[in-house]
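>>> got a structure for you, letters missing:
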């Protein structure tokens, strides 16, 4: 979350706030918050986990991977060559395809 600062960070924290303080949140509500966070921006699993106060591995397994498979999120190559980023929308396609 070091790369997200100022007004953008505040806006993301406001979107994620219900999940941050709620240990057990309905699945559909969590999914909607993830979509709202990823709309118009690309976030790593670690960034999403920090915003949602969740474990990044379980977040990826329970939410991110299934949402990518369903076409709700797209998984894109990382900005820095480390972990992939997630954004709302259609699956990513390379220019080579």
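Perfect, I can see it now. Since we're looking at a predicted model, the values are computed, not measured.
>>> remind me, longest helix of this structure?
Identified as the longest helix of the chain according to DSSP state H is helix 6-21.
>>> if you go through this protein in chain order, where are the helices?
Taking DSSP H as the criterion, the chain carries its helices at 6-21, 27-38, 45-52, 56-59, 65-69.
>>> make TSV from the ones you listed and add mean neighbour count to it.
From N, CA and C alone the C-beta is placed, and that goes for glycine too. Formatted as TSV, the helices of the chain follow (neighbours: other C-beta atoms under 10 Å):
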stretch	mean neighbour count
helix 6-21	14
helix 27-38	17
helix 45-52	20
helix 56-59	14
helix 65-69	15
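>>> nearest to residue 80, out of the ones you listed?
For the helices of the chain, distance to residue 80 was read as C-beta to C-beta. The smallest value, 11.9 Å, belongs to helix 45-52.
>>> output the contacting helices and strands for that closest one.
Using 3 or more C-beta pairs under 8 Å, 6 or more residues apart in numbering; DSSP states H and E as the contact criterion, the elements in contact with helix 45-52 are helix 6-21, helix 27-38, helix 56-59.
>>> in CSV, list those along with distance to residue 50 and mean pLDDT.
CSV is the format used below for the helices and strands packed on helix 45-52 (distance: least, C-beta to C-beta, whole Å; pLDDT from 0 to 100):
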stretch, distance to residue 50, mean pLDDT
helix 6-21, 9, 91
helix 27-38, 11, 96
helix 56-59, 8, 95
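>>> residue 88 is nearest to which of those?
helix 27-38 (4.4 Å).
>>> about what we covered before: turn the helices of the chain into a markdown table, columns for distance to residue 75.
Converted to a markdown table, those look like this (distance: least, C-beta to C-beta, whole Å):
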| stretch | distance to residue 75 |
| --- | --- |
| helix 6-21 | 19 |
| helix 27-38 | 10 |
| helix 45-52 | 10 |
| helix 56-59 | 13 |
| helix 65-69 | 5 |
